[in-house]
Structures are given as structure tokens and as C-alpha cells.
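In: coordinates only, sequence not included:
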């Protein structure tokens with residue numbers, strides 16, 4: 001498809017973090033962009049101010065005859081009325097990653113994939129290339145703290161993208177440099193098991209050309225299965241790990257992210273000095289151990305998108321690194337029944353590392369509860385340190401008056417973030 005010939009593009013689910021970034025790209029290209037979502041949000045509010053036509057309700061009437069192209073989120077059911085209407089009208093349609101590939105594959109692409117850390121590593125690379133004067137284009141699955149944006153319009157040959165493995169979506173991308181932060185069993189509502197996840201990453205790694213690079217932890221036994229027989233040159237990012245470099249983002253996991261970013265930048269000829277300075281100044285991204293303020297009683301409040309046991313463990317470790325003498329209180333909203341059921345014991349272990357954990361009902365997202373798993377079951381297994389909140393308002397009341405001897409972490413991929421915003425606004 002000739003993207004240059006397109007005049008009007010419609011996004012179904014435009015409020016998604018990746019979708020909104022791609023919408024910004026087409027807007028910057030001079031296209032007329034419209035989009036719909038289930039409700040307004042700070043992201044859709046910002047898009048409207050930038051020139052996007054936004055529909056706060058999703059219906060067939062949003063699909064006008066003059067739309068040239070439709071991009072839809074993978075979270076959308078194929079019988080969604082906007083998709084059905086666009087299909088009936090014969091309007092070309094692709095999902096988010098197919099559209100991202102159409103945009104980015106013509107550039108020198110650096111794709112960051114992995115179960116954990118890909119958003120932070122992508123944002124680190126954008127900062128590094130920006131500081132080096134390489135003027136990259138980029139789409140990242142969060143808002144960079146430096147700019148408050150999830151899209152960067154550049155004029156160079158480089159395009160940096162965050163590549164998600166869900167439904168093998170990243171296979172629409174053709175990277176010149178592939179960064180693999182790590183690989184674990186995840187998205188088990190789609191993948192059968194870890195071996196199935198590995199097969200997807202292996203197929204992705206095979207797309208890197210002979211003159212390209214695969215940046216990964218070469219010592220990891222799971223990753224080793226992925227890089228067998230690849231054409232591109234394999235670079236072990238653990239050789240770039242700097243345990244002494246001062247960083248604003250705490251935790252060993254962020255040092256590993258920085259090592260991956262350092263190794264990728266080195267393949268593009270960037271100096272160690274530029275890379276190190278950029279990483280030391282890296283301020284993070286939205287909802288990745290993001291400092292939100294304090295409660296009325298003086299407890300520091302952080303918001304975090306983490307929703308996998310490994311991410312919970314890493315975030316708690318980082319919090320203890322910063323606040324070794326304070327009580328860590330965690331409000332957690334489990335995300336999807338399938339993930340909670342499949343990783344139940346791992347969640348119990350990870351959540352139990354907090355001094356106190358308050359569990360919200362499981363955020364269903366796209367699912368129905370076939371296993372019968374519940375937050376109450378998690379709380380029972382965790383023990384005395386765990387309690388249940390029946391709603392966001394209930395959880396807010398439980399933590400509103402935490403004092404300065406505590407640190408509050410609000411974690412999850414659903415709407416739990418509203419608690420951290422509400423509780424600090426009330427201060």
C-alpha cells in the first residue's frame with residue numbers, strides 16, 4: 001500500500017499507548033486522523049488538542065465513506081461494529097503492528113523485544129540517540145518522562161520501536177538491530193507454554209539480516225534457544241553491565257536494561273561517554289516506577305505498570321534499594337484471569353515480598369473467568385500481610401493516610417493507576 005497516497009486514517013482503539021503513538025506519526029505526516037475508544041482519557045484529550053478527530057463512543061457511524069485506511073488494536077474483537085462496517089465498505093484494514101511495520105520497515109530499525117523491560121530499554125535508546133544528535137523517529141509503549149510523549153518524529157535513517165510478542169505481532173517488523181531483554185512465559189491466553197513463546201522469538205530473530213545485530217543475554221538458557229542458527233551477529237549485552245554507574249532509576253533490572261541499550265548503541269558507533277551520560281540522566285517513563293507525590297500523611301507514592309511476578313519482584317527490589325528502612329505497601333490489581341491462574345504460585349511469592357499488600361479484583365480485560373481464580377484466593381495464600389479492597393475507592397481509603405514511615409506502590413496494567421493520581425491530588 002502507498003502510505004503517501006492516504007489522506008484519512010481511522011484508528012479503532014486510539015487511546016491505546018501504541019495506537020496513539022502511531023496516530024501521532026500519521027498526523028505529523030499531514031494525514032487527517034480520526035479515532036475512537038470506549039471513553040475519553042488523558043491520551044485522547046492530548047490527541048484532540050494535537051488535531052485528531054476523536055469519537056468517545058465506538059459505533060458504525062464513525063466509519064465515514066471518505067476513510068482510506070483503518071488501523072485497529074489487537075484487543076478489538078473481530079465482530080466489533082466499526083471493524084464490521086469498515087470491512088463491508090471495503091476499506092483496507094490492518095492491526096497496529098502491521099501498520100507500524102508498514103511505517104518503520106523502510107528505516108534502519110532498532111526493535112526492542114522481551115517479556116520485561118522493553119519499554120524502559122526503548123526509552124533509554126531514544127534518549128541516547130537524541131543526545132547523540134542522531135535524530136531518530138520512535139514509538140514507545142509509554143510516555144517518556146523527558147518529553148511526555150510516546151512518539152518522536154525524526155529526520156534520520158533510524159527508527160526505534162518497542163516490539164510486543166503478543167499474538168506474534170512483532171513478526172510484522174523487520175529489524176536491523178533486535179534487542180531481546182529477556183524471555184519468560186507470558187501471554188498464556190495466546191501461547192501454549194514457554195516453548196511456544198520461544199518459537200515466536202526465534203522466528204523474530206531469524207528476520208535480522210546477516211549484517212544486523214541481535215543484542216541479548218547470551219548466558220540465558222532460554223535465550224540461547226532463540227539465537228540458534230540466526231544470521232545476524234549476536235552481542236551479549238551483559239558484557240556492557242555497569243554496576244557502579246549512578247542511575248536515577250533503581251534496581252538491578254534497570255541496570256540490565258541500561259546494559260542492553262548500551263550494547264545496541266555501540267553497534268551504531270555511539271561513544272561510551274554520550275551513552276553513559278544519557279543513561280545517568282534517564283528519568284524513566286510513565287507508569288514505570290513513576291514518582292507521583294505523597295499521601296496526606298507523608299508516604300511517598302509510586303505508580304507502576306508491572307503486572308507479571310518478575311516485574312513485581314524487580315520493582316519491590318528497586319523500592320527497597322531507595323527506601324531500605326521504610327514499610328513497603330503494595331496495592332496490586334491482577335491483570336487477566338489467564339495470567340493470574342497460570343502464574344498463581346509465582347504471584348504469591350512475589351506479592352509476599354511487600355510488607356503489606358492490598359489486592360483489588362482481577363482486571364478482566366479481554367477475558368472471561370474460566371478457571372474461577374480470584375484475588376481472594378491470592379490473599380489467602382499470601383497470608384496475614386494481604387487484604388482485599390473491593391474497589392478503587394475502597395483501596396484509596398485504605399492507603400490515604402499512610403505516613404512517612406511507608407512507601408506506597410500502586411501496580412497493575414488496568415485502571416489501578418487512578419489511585420496513585422487521586423491520592424496525591426488530595427494531598
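Out: Noted; the coordinates are in hand. Model, not experiment: these values are computed from the prediction.
In: which residues of the stretch 51-200 of the chain fall in strands?
Out: For the stretch 51-200 of the chain, the strands defined by DSSP state E, counting those that start in this stretch occupy 53-55, 69-72, 93-95, 108-113, 137-139, 151-152, 158-162, 177-180.
In: pLDDT on the fifth one, on average?
Out: Same thing as strand 137-139. For strand 137-139, mean pLDDT rounds to 95.
In: go on, stretch 251-268?
Out: Rounded mean pLDDT across stretch 251-268 is 94.
In: Same check on stretch 405-417?
Out: pLDDT averaged over stretch 405-417 gives 92.
In: Would you mind listing where the stretch 201-350 of the chain has pLDDT under the threshold?
Out: Counting by pLDDT under 70, the stretch 201-350 of the chain contains no low-confidence segment.
In: Which stretches in it count as strands?
Out: Under DSSP E, counting those that start in this stretch, the stretch 201-350 of the chain gives strands at 213-216, 233-236, 290-294, 300-304, 327-332.
In: Just send those strands back as JSON lines, with mean neighbour count and distance to residue 280 too.
Out: The way it works is simple: take the backbone N, C-alpha and C, and place the C-beta from them, glycine included. Shown next, in JSON lines, are the strands of the stretch 201-350 of the chain (neighbours: other Cβ atoms under 10 Å; distance: least, Cβ to Cβ, whole Å):
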{"stretch": "strand 213-216", "mean neighbour count": "26", "distance to residue 280": "20"}
{"stretch": "strand 233-236", "mean neighbour count": "17", "distance to residue 280": "22"}
{"stretch": "strand 290-294", "mean neighbour count": "18", "distance to residue 280": "18"}
{"stretch": "strand 300-304", "mean neighbour count": "24", "distance to residue 280": "20"}
{"stretch": "strand 327-332", "mean neighbour count": "22", "distance to residue 280": "26"}
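In: Go through the ones you listed and name the closest to residue 223.
Out: Residue 223 lies closest, by Cβ to Cβ, to one member of the strands of the stretch 201-350 of the chain: strand 213-216, at 5.0 Å.
In: so what does the closest one touch, helix or strand wise?
Out: Where contact means 3 or more Cβ pairs under 8 Å, 6 or more residues apart in numbering; DSSP states H and E, strand 213-216 is packed against strand 177-180, strand 233-236, helix 252-266.
In: follow-up on the earlier one: the strands of the stretch 201-350 of the chain into JSON lines, with extra columns for distance to residue 193?
Out: JSON lines is the format used below for these (distance: least, Cβ to Cβ, whole Å):
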{"stretch": "strand 213-216", "distance to residue 193": "21"}
{"stretch": "strand 233-236", "distance to residue 193": "25"}
{"stretch": "strand 290-294", "distance to residue 193": "33"}
{"stretch": "strand 300-304", "distance to residue 193": "27"}
{"stretch": "strand 327-332", "distance to residue 193": "25"}
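In: so which of those strands gets nearest residue 264?
Out: Taking the strands of the stretch 201-350 of the chain one by one with Cβ to Cβ, strand 213-216 is closest: 4.9 Å.
In: strand partners of the closest one, parallel vs antiparallel please.
Out: When sheet partners are counted by DSSP bridges, strand 213-216 sits next to strand 177-180 (parallel), strand 233-236 (parallel).
In: can you redo the ones you listed as a markdown table with distance to residue 27?
Out: As requested, those are exported to a markdown table (distance: least, Cβ to Cβ, whole Å):
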| stretch | distance to residue 27 |
| --- | --- |
| strand 177-180 | 27 |
| strand 233-236 | 35 |
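In: between the ones you listed, which one is nearest to residue 150?
Out: strand 177-180 (18.1 Å).
In: separation between the spatially most distant residue from the centre of the chain and residue 10?
Out: Distance from the C-alpha centroid of the chain, by Cα atoms, centre = their mean, peaks at residue 65 (33.8 Å). Residue 65 is 12 Å from residue 10, where distance means Cβ to Cβ, to the nearest Å.
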